[in-house]
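**Q** Build me a structure from this.
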Amino acid sequence: MLDKELRSMIGQVKDGRMNRRAFIQRMAAVGLTAPLANQILALGGVAMAQGASTYKPTKRGGGGALKLLWWQGPTLLNPHFATGTKDQDGSRLFYEPLACWDPDGNMKLVLASEIPSTQNGLLAADGKSVTWKLKPGVKWHDGKPFSADDVVFTWQYISDPATAAITVATYRDITVEKVDDLTVRITFKKPTPFWADAFVGATGQILPRHLFAEYKGSKSREAPNNLAPVGTGPYKFLEFKPGDLIRGEINKDYHMPNRPYFDTLEMKGGGDAVSAARAVIQTGEYDFGWNIQVEDDVLLRLEKGGKGKTIYAVGGDTEFIALNFTDPNTEVDGERSSMKTKHPLFSDPAVRKALSLLVDRDSIKKAIYGRAGRTTANFLNGPEKFVSKNTSWEFSVEKASKILDDAGWKPGADGIREKDGKKLKLLYQTSINGPRQKTQAIVKQACQKAGIDVELKSVVASVFFSSDVANPDTYAKFYADIEMFQIPMSQPDPAQHMRRYHSSNVATKENKWQGTNFPRFVNKDYDAAIDAADGEMDPVKRVALYIKANDILFQETVFIPAQHRLKVEAASNSLRPVISGWANETDNLFDWYREE
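**A** Presented below is the predicted three-dimensional model:
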């Protein structure tokens, strides 16, 4: 239950004695972010505020071409098979959710007509159900009407295990029913404090029933529209060359007034982050460059060109090194990194702990990330209230060496430590990217000093983040000992982000490696904390549960955080993009425009 003081403040907001801004400021004083404060108000009976729009154009179209540069080009356009963010982003050009998140973490309506609250009767006071009203008159790009049937079908499609959807964890434990053509009700198995998960944001994109109905379940990969989307978004699909190019044109029947601003769009894939930054900031060839993971000193030099700039958004994104809890070199029943194996080296906690001491986060920040990085020991780095104060990090070759000595890992004649006939040799993989290769080099050098041999592997980004189940080099298959990348937090709440590593979500051959738990980490205390947090209505207790879950990841050394990363994008000086630290870059594309 909510504590007495919190209940009193919520009551003051409800009867007008305290305004929303004052409540949020009071919550901020004790570490609660605006998004979480808004969630608390909604559960307490105060309608959630919709994010304010900064959109200025007064007519639809006329803005010419929007040229986007996604140097990791999308490889498919079904958002529910998107193991990589790039595929979510490409899909989001055309498909839409009921709502998304603005830069301040406020909800912004998309296909829904109003934000659910206890005041309007759409949000159950006990947190066990939420009802969504849909916008009337919305059409799919082929002219068919959008309705509640599409929302219900999308839930059925995702929750069918045979579909092997990457987003299944959000949808499998809920029930979605049609109330009428423009109303759906979501029922939860238990009280659910973060009710704005299903059908919200990048993982909430809704599919057209009339095009996907015959491809639910085992035939899901055969759907022609996996590569040719028919959505409800501001732009209609024209062309797709996987990994290379997406083209779209204005949707003249779009359901938002005066939108979109641009007449056509192009999302170009390929290249790397440095060339993308240069093509936007220095040469002005493109309007927007995604995920500019580039050394800060390079960006500072490019910004002197005057045609573009870097823009930053703070969220909870973490660049991390993940440890494989299974054996990537042993095949069982045709599957490597099988749950039937244990990692031959990381089964010793001392090896994992020593490795965590060999990541020099200060050097990584100073030499690589600069303005875009913050050192951290936590996997969960936002919203602020959920950030653990119980953890700390240290870089020490000497302490790492002592831990290994004490655990019986002794240097051999070649200087590489060994124990029971096993050498401390690691394969360390990541995507091809300047900062990541430099981070690899920093870590490798420290490991060598401690007697750990590290082989570096760099995979083309379009391959590493591919959703192709036949590809052996994806991060989800994890055929290496350690790997490094980052997974964006796409909502202002930890639920979806932390649920990824529940034991029920392990990536396996059986689920086509669509499970989100790619380290294959299994811990009953972690599972219990996540399960409890999913149904905990007391915000203070819920925060404690997520901190506990983060601390388990820390104690077990599942991840070694390299940096808490800010989103870094490149934009032309005239472009007015709307970028949120709590959403994918294309989530608010309908509000983008140009201002000369």
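
**Q** roughly how far apart are the most centrally placed residue in the chain and W101?
**A** Taking C-alpha atoms, centre = their mean, the centroid of the chain lies closest to P488, which sits 3.2 Å from it. Distance from P488 to W101, counting by C-beta to C-beta, to the nearest Å: 12 Å. C-beta here means a position set from N, CA and C on the backbone, and glycine is covered the same way.

**Q** before we move on, back to that, give me every residue that touches the residue nearest to the centre of the chain.
**A** By C-beta atoms under 8 Å, 6 or more residues apart in numbering, the residues touching P488 are 85, 315, 317, 567, 584.

**Q** which one of these is nearest K444?
**A** Using C-beta to C-beta, D317 is the member of the contacts of P488 that sits closest to K444, with 23.9 Å.

**Q** so that closest one sits right up against G581, yeah?
**A** Yes - using C-beta atoms under 8 Å, D317 makes contact with G581 at a distance of 7.5 Å.

**Q** any residues in contact with both of the two?
**A** Common neighbours of D317 and G581 (C-beta under 8 Å, 6+ apart) are 489, 566-567.

**Q** These in strands, which ones?
**A** Of the shared contacts of D317 and G581, the ones assigned to strands by DSSP state E are K567.

**Q** Lowest-confidence member of the shared contacts of D317 and G581, which is it?
**A** Scanning the shared contacts of D317 and G581 for pLDDT, the low point is M489. It has 84.

**Q** ok, so what distance separates the spatially closest residue to that one that is not a sequence neighbour from P519?
**A** Distances taken as C-beta to C-beta, 6 or more residues apart in numbering put G316 closest to M489, at 3.8 Å, once the chain neighbours are dropped. For G316, the distance to P519 equals 18 Å [C-beta to C-beta].

**Q** so N390 touches I552, yeah?
**A** No - N390 lies out of contact with I552 (C-beta under 8 Å); the separation is 10.9 Å.

**Q** who's more crowded, these two?
**A** The neighbour count for N390 versus I552, taken as other C-beta atoms under 10 Å, is higher for I552 (20 against 12).

**Q** mind listing the helices for the stretch 251-400 of the chain?
**A** 273-277, 296-302, 349-356, 361-364, 397-406 (DSSP state H, counting those that start in this stretch).

**Q** Go through the third one and flag the buried ones.
**A** Yep, that's helix 349-356 we're talking about. Under the neighbour-count criterion of 16 or more other C-beta atoms under 10 Å, helix 349-356 has 350-356 buried.

**Q** I'd like those residues as a markdown table, with distance to G61 and pLDDT appended.
**A** Output for the buried residues of helix 349-356, formatted as a markdown table (distance: C-beta to C-beta, whole Å; pLDDT from 0 to 100):
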| residue | distance to G61 | pLDDT |
| --- | --- | --- |
| A350 | 63 | 98 |
| V351 | 59 | 98 |
| R352 | 55 | 98 |
| K353 | 58 | 98 |
| A354 | 59 | 98 |
| L355 | 54 | 98 |
| S356 | 53 | 98 |
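
**Q** So of the residues you listed, which two are at opposite extremes in space?
**A** With C-beta to C-beta as the measure, no two of the buried residues of helix 349-356 lie farther apart than A350 and S356, at 10.8 Å.

**Q** For the stretch 151-300 of the chain, just list every one of the strands.
**A** For the stretch 151-300 of the chain, the strands defined by DSSP state E, counting those that start in this stretch cover 174-180, 183-188, 235-241, 245-250, 264-269, 288-289.

**Q** circling back: in a markdown table: the shared contacts of D317 and G581, plus distance to R576.
**A** Formatted as a markdown table, the shared contacts of D317 and G581 follow (distance: C-beta to C-beta, whole Å):
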| residue | distance to R576 |
| --- | --- |
| M489 | 24 |
| L566 | 19 |
| K567 | 16 |
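
**Q** Specify which member of the shared contacts of D317 and G581 is nearest to V397.
**A** Looking across those and measuring by C-beta to C-beta, the closest to V397 is L566, at 29.0 Å.

**Q** I'd guessed that closest one sits against A372; true?
**A** Yes - counting by C-beta under 8 Å, A372 is a contact partner of L566 at 4.8 Å.

**Q** Between these two, which contacts overlap?
**A** Going by C-beta under 8 Å, 6+ apart, residues that sit against L566 and also against A372 are Y312.

**Q** next SSE after the lowest-mean-pLDDT helix or strand in the chain?
**A** Within the chain, no helix or strand scores below helix 34-43, which has a mean of 63 by mean pLDDT, DSSP states H and E. Next helix or strand after helix 34-43 toward the C-terminus (DSSP states H and E): strand 65-70.

**Q** Just give the number of residues close to the residue lying closest to V138 once chain neighbours are set aside.
**A** Using C-beta to C-beta, 6+ apart and skipping residues adjacent in sequence, the residue nearest V138 is F146, 4.1 Å away. The local packing of F146 (other C-beta under 10 Å) involves 24 other residues.

**Q** likewise S8?
**A** Around S8 there are 12 other residues, counting by other C-beta under 10 Å.

**Q** same check, this time on P257
**A** For P257, using other C-beta under 10 Å, the count is 9.

**Q** got a list of what it touches?
**A** Listed by C-beta under 8 Å, 6+ apart, the contact partners of P257 are R60.

**Q** try 7 Å this time
**A** By C-beta atoms under 7 Å, 6 or more residues apart in numbering, no residues touch P257.

**Q** D587 versus that one, what's the distance?
**A** 19 Å.

**Q** cool, L553 as well?
**A** Look at L553 and D587: by C-beta to C-beta, they are 27 Å apart.

**Q** higher neighbour count, these two?
**A** Higher neighbour count among L553 and D587: D587, with 29 against 23, using other C-beta under 10 Å.

**Q** So the more buried one belongs to a strand, correct?
**A** No - using DSSP: H, G, I helix; E, B strand; the rest coil, the secondary structure at D587 is coil, not a strand.

**Q** what about the nearest residue to it once chain neighbours are set aside, is that helix, strand or coil?
**A** Nearest in space to D587, with sequence neighbours left out and distances taken as C-beta to C-beta, 6+ apart, is C100 at 4.3 Å. Following three-state DSSP, C100 is assigned to strand.

**Q** again, but for M498
**A** helix.

**Q** count of neighbours near it?
**A** Close neighbours of M498, defined as other C-beta under 10 Å, add up to 23.

**Q** And the closest residue to it other than its chain neighbours, how close does it get to N381?
**A** In space, and not counting its chain neighbours, M498 is closest to A549: 5.4 Å by C-beta to C-beta, 6+ apart. According to C-beta to C-beta, A549 and N381 sit 13 Å apart.
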